[in-house]
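# dropping a prediction and its sequence here:
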Amino acid sequence: MSQHSTAGGFDRNARVAIATEGLWALFGTPALFYVAVYMTTGGLSAAQAGLLISVGTYLGCVWQLFAGAITDRWGRRWTTTVFDLLSWVLPMLVWACAQDVWWFLAGWVLNSAAKVVGVSFGLLAVEDSPEHVRARIFAALKLIALLAGLFVPLVGLAITRWGPETAFRWLFGIGGVSMLAHVVVRHVLVRETRAGAEAMAAHRPAGLRTGLWVSVTAVVRACQRGGARRVVVVYVATTLASQLTLFQALFLTDALAVSPLWVSAVPAVGALASLACYLGVMPRWDRRLSAGRATAWALVVAVAGWTLFAALPAAPPVAVVVIAAGVAAAGPFLLESYRDAVVVAAAEPDRTASFYAAVQTAASFAAVPVGLVAGTLYDWSPRGPLALSAVLYAVALMAALPATFGQRPQGSV
């Protein structure tokens, strides 16, 4: 069997990425869900926690500037391995040992390098697979992360039994070990993509500054086309919206007085809703809609979900929380699956990594103040960050609605 042979349209790298993602997701999903709560448990205010998130976002912008150049120069495989170790394994272990604000800051500084992995891993997973299955690959990876939410109630039980500090330290510590296993196993099993091998040969003689210039010009040239401009607007607006939802768990615990056990059930509800979308909604959309149209409909669901979540009353009935959590999870799940496929397809064939990295860079720069804004807004009104998230999804929807965003069969823009 060739290293690039397919089964059901999924290349070997896609199958390996999907099969091993659970080693990251099992601990990464609950860690991201609880990280704001963990920081406030450690004595930080919501505004201080938001400031640290903003620092990490700013440093992520610096990494993002060179992500395309690094990915082309080192290759998708080695870039993903090195920067996963730097941006996930190490910060998880640092956070597990956190004693004060400086430990949390160190973790965010390391985690900022994940912006490089956001480019290299996405290309490693989908680049050798046909365009018409790429949305399904992105969706499968996203679904695994969300299905890990089914285990988040175990963290809630641990918090109830041993207290938040002890529970969080074990979560981040064991998570760091699991992520190390994930990196090693995946590196052994995947192969460099065809486009990655060509890019390494072409870009190795060039410096990182040249690679940075290529990334910038890739976006400028692509944005001369109306459809690509809309892709950039949608990506930036939805990235900002997703950053604001980091305060979801704090909103439920602190503002609505929902019990820790029920708060821990929210990711599980989201996982089940996403699984239903993957099995029921996406096959129908794949047959009937272009990737651009599917992105627009996903944005409709996202706007509805986060509007509903922001409007939850104090001490809400469990059924209402379940409905809001399900809709709020389904929208971003569908959105990120189709949106990322649209971004990859929008690039010129020889500048995929540069364009993908540059679009993420634009989103990262725009997101720099979001953590601080969200924390400050939360201190003023706990509903504020989630309401603003709904507004940003609506802005993205306005950009995605025009017919120029996507009319052709899926896999095209």
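Arrived safely, thanks for sending. Note that the structure is predicted; figures quoted are calculated from it, not measured. Residues are numbered from 1 along each chain as shown.
# Thr166: neighbouring residues, count only.
The number of residues packed near Thr166 is 12, by other C-beta atoms under 10 Å. (Each C-beta comes from the backbone N, C-alpha and C, glycine too.)
# could you do Leu150 as well?
18.
# distance of it from Ile144?
Here the criterion is C-beta to C-beta, to the nearest Å. By it, Leu150 lies 11 Å from Ile144.
# equivalent analysis for Ala69, please.
Going from Ala69 to Ile144 by C-beta to C-beta gives 29 Å.
# what's the answer for Val231, then?
Distance from Val231 to Ile144, by C-beta to C-beta: 25 Å.
# the two: who's more crowded?
Val231 (28 against 22).
# tell me the SS of the more buried one?
The three-state label given to Val231 by DSSP: H, G, I helix; E, B strand; the rest coil is helix.
# I figured it hits Val342, correct?
Yes - between Val231 and Val342 there is a contact under C-beta atoms under 8 Å: 5.7 Å.
# what sits against Trp162?
Counting by C-beta atoms under 8 Å, 6 or more residues apart in numbering, Trp162 touches no other residue.
# can I get stretch 111-118 as CSV, trimmed to CA atoms?
Only the C-alpha atoms of stretch 111-118 are listed here, as CSV (Å, rounded to 0.1, in the frame of the first residue of the first chain):
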residue,chain,number,x,y,z
ASN,A,111,1.0,27.8,24.4
SER,A,112,1.2,30.8,22.1
ALA,A,113,3.3,28.6,19.7
ALA,A,114,0.2,26.5,19.0
LYS,A,115,-0.5,29.0,16.2
VAL,A,116,2.2,27.3,14.2
VAL,A,117,0.6,23.9,14.7
GLY,A,118,-2.7,25.4,13.6
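# contacts for it next, please.
Here stretch 111-118 has contacts from 56-64, 66-67, 70-71, 79-80, 83-84, 86-88, 91, 360, 364, using C-beta under 8 Å, 6+ apart.
# so which of these belong to helices?
Among the contacts of stretch 111-118, the members falling in helices (DSSP state H) are 56-64, 66-67, 70-71, 79-80, 83-84, 91, 360, 364.
# just the buried ones from those residues, in ChimeraX syntax?
Here is the ChimeraX command that selects only those of the ones in helices among the contacts of stretch 111-118 that count as buried (16 or more other C-beta atoms under 10 Å):
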select :56,57,58,59,60,61,63,64,66,67,70,71,79,80,83,84,91,360,364
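# show me the strands in the chain, by range?
6-7, 10-11 (DSSP state E).
# Val152 and Val269 touch, don't they?
No - using C-beta under 8 Å, Val152 is not in contact with Val269; the gap is 9.9 Å.
# where does the chain dip in pLDDT?
1-8, 203-228, 346-354, 402-413 (pLDDT under 70).
# how about 50 then?
The chain contains residues with pLDDT under 50 at 1-6, 403-413.
# for Phe151, see how far away Ala158 is.
Taken as C-beta to C-beta, the span from Ala158 to Phe151 is 11 Å.
# and for Phe83?
26 Å.
# same question for Gly122.
For Gly122, the distance to Phe151 - C-beta to C-beta - is 25 Å.
# neighbour-wise, which of these two wins?
A count of neighbours by other C-beta under 10 Å puts Gly122 above the other of Gly122 and Phe151, at 27 against 17.
# now for that one: which residues touch it?
138, 340, 344, 356.
# repeat that for Val320.
312-313.
# now do Ser129
6, 9-11, 13-14, 137.
# can you do 6 Å?
By C-beta atoms under 6 Å, 6 or more residues apart in numbering, Ser129 lies in contact with 10-11, 14.
# closest one of these to Arg194?
Asp11 (9.8 Å; C-beta to C-beta).
# and the closest one, how many residues sit next to it?
If we define neighbours as other C-beta under 10 Å, then Asp11 has 26 of them.
# what separates it from Ile18, distance-wise?
Relative to Ile18, and taking C-beta to C-beta, Asp11 is found at 11 Å.
# for the residue nearest to Arg339 when sequence neighbours are not counted, what are its contacts?
Nearest residue to Arg339, sequence neighbours excluded (C-beta to C-beta, 6 or more residues apart in numbering): Thr295, at 5.2 Å. With contact taken as C-beta under 6 Å, 6+ apart, Thr295 is in contact with 338-339, 342, 400.
# can you lay out these as JSON lines showing neighbour count?
Output for the contacts of Thr295, formatted as JSON lines (neighbours: other C-beta atoms under 10 Å):
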{"residue": "Tyr338", "neighbour count": "30"}
{"residue": "Arg339", "neighbour count": "26"}
{"residue": "Val342", "neighbour count": "28"}
{"residue": "Ala400", "neighbour count": "28"}
